[in-house]
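Enquirer: Generate coordinates for the sequence data below:
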Amino acid sequence: LGLDEDQQEKLLDIANAQFDELEGLAAAAEGGDPAAISASAKRAMAIMSGRALDESLAEVLTPDQQERYAQFGNRQNESRAEARTLRQLATLQEDLMLSPQQRNDVYGILYEESIEEVEGGSDVGSMIEQFASQAGVTLDPSLQGMISSLADRGLEEMASGRELDGESVKEMAEDALNASINDQVDRLAPVLSEAQLELYRTQLEERLGNLGNMIPRGGETP
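Expert: Now for the predicted structure:
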C-alpha cells in the first residue's frame, strides 16, 4: 500500500494497544458473569482474527489506499473460497462419484456458499483457518463450519446471561449438528440422486457426529 513512516507508526501503535487490551480481557471476565465472559471472548477473537485491526485501518489509510486494500481483500477472499470449494468437491467426487454435469453444478453451489462464508464469516471461523494454516493442517470445511456455528451460538447464549453446563452444551451441539447436516444435504438436493443424498447424509453424520461425541454430558469432566 506504500505506507509512509507516519502511517506505519500509527498502525504499530494501534496493534500494540490491541495486544495490551487482549492481555486485560481475561481479567475482565474473572468475575464469572456469563455476559462479561461472552463480551470478552468476542473482543479477543476480533483482535486475534485481525478484524479489529482491519476496522482501524480507516483511521490511517488514504482513500486510494483503502480502495487498493479492498481490492486485495476481494482477491484474497476469492482465492480462499476457491481453495475451500475444491477441497469439498474433491471429497464429494471420490465419495459420490459425481457425473461431469453434477460436478459442475456442485462446484457452483459450493463456491457460492464458500464466498458468502469467507466474506461474512465469523471471527471464530477466521481463527480456526489461521491456526490450521499455521499448523499445516487442512480442515474439512463442513467440520470447520460446524465448530464455528457451535462456538458462535455458545457465545450468544452466554451473552444472554445463560450459564452453560455440560448437559446444555451437549443439547446445543446436537441441535447445531442436526441443523448443519440438514443444511448441507438440502443445498445439494437439486443436483444429487436419492442414493447419493442418502450416502452423503450418512457420511456427514459419521464425520460430524464424532465432534458431538467429544462434548461432555452433564456431570462429566470436559
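Enquirer: what does stretch 22-29 contact?
Expert: A36, I37, S40, A41, R43, A44, I47, M48 (CB atoms under 8 Å, 6 or more residues apart in numbering). In this view, the C-beta of every residue, glycine as well, is placed from N, C-alpha and C.
Enquirer: May I ask which helix or strand encompasses the second one?
Expert: I take that to be I37. helix 34-49 (DSSP states H and E).
Enquirer: related to what we said a few turns ago, among the contacts of stretch 22-29, which pair sits farthest apart?
Expert: A36 and M48 (18.4 Å; CB to CB).
Enquirer: what helices or strands is the helix ranked longest in the chain leaning on?
Expert: What stands out as the longest helix in the chain, according to DSSP state H, is helix 63-96. Packed against helix 63-96 by the contact rule (3 or more CB pairs under 8 Å, 6 or more residues apart in numbering; DSSP states H and E) you find helix 100-120, helix 141-159, helix 194-213.
Enquirer: closest one to A179 among those?
Expert: helix 141-159 (7.8 Å).
Enquirer: sorry, back to before: let me have the helices and strands packed on helix 63-96 in a markdown table, adding distance to T91, mean neighbour count and mean pLDDT as columns.
Expert: Putting the helices and strands packed on helix 63-96 into a markdown table (distance: least, CB to CB, whole Å; neighbours: other CB atoms under 10 Å; pLDDT from 0 to 100) gives the following:
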| stretch | distance to T91 | mean neighbour count | mean pLDDT |
| --- | --- | --- | --- |
| helix 100-120 | 11 | 16 | 90 |
| helix 141-159 | 9 | 18 | 69 |
| helix 194-213 | 9 | 14 | 81 |
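Enquirer: Can you redo the ones you listed as TSV, where the extra columns are distance to G2?
Expert: Compiled in TSV, the helices and strands packed on helix 63-96 are given as follows (distance: least, CB to CB, whole Å):
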stretch	distance to G2
helix 100-120	26
helix 141-159	35
helix 194-213	45
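Enquirer: and of the ones you listed, who's closest to E55?
Expert: helix 100-120 (14.7 Å).
Enquirer: residues in contact with I14?
Expert: L53, S56, E59, V60.
Enquirer: Go ahead and build a ChimeraX selection from the buried members of those residues.
Expert: Filtering the contacts of I14 down to the buried ones (16 or more other CB atoms under 10 Å) takes a single ChimeraX command:
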select :56,60
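Enquirer: thinking again about what came up before, between helix 194-213 and the longest helix of the chain, find me the angle.
Expert: Interaxial angle, helix 63-96 versus helix 194-213 (axes from the mean of the first three to the mean of the last three CA atoms, to 10 degrees): 110 degrees.
Enquirer: Flag every buried residue along helix 63-96.
Expert: Neighbour-count burial for helix 63-96, counted by 16+ other CB under 10 Å, picks out N77, R80, A81, E82, R84, T85, R87, Q88, L89, L92, L96.
Enquirer: just stretch 174-186 next, same as before
Expert: Across stretch 174-186, burial judged by 16+ other CB under 10 Å covers A176, L177, S180, I181, Q184, V185.
Enquirer: All set, thanks.
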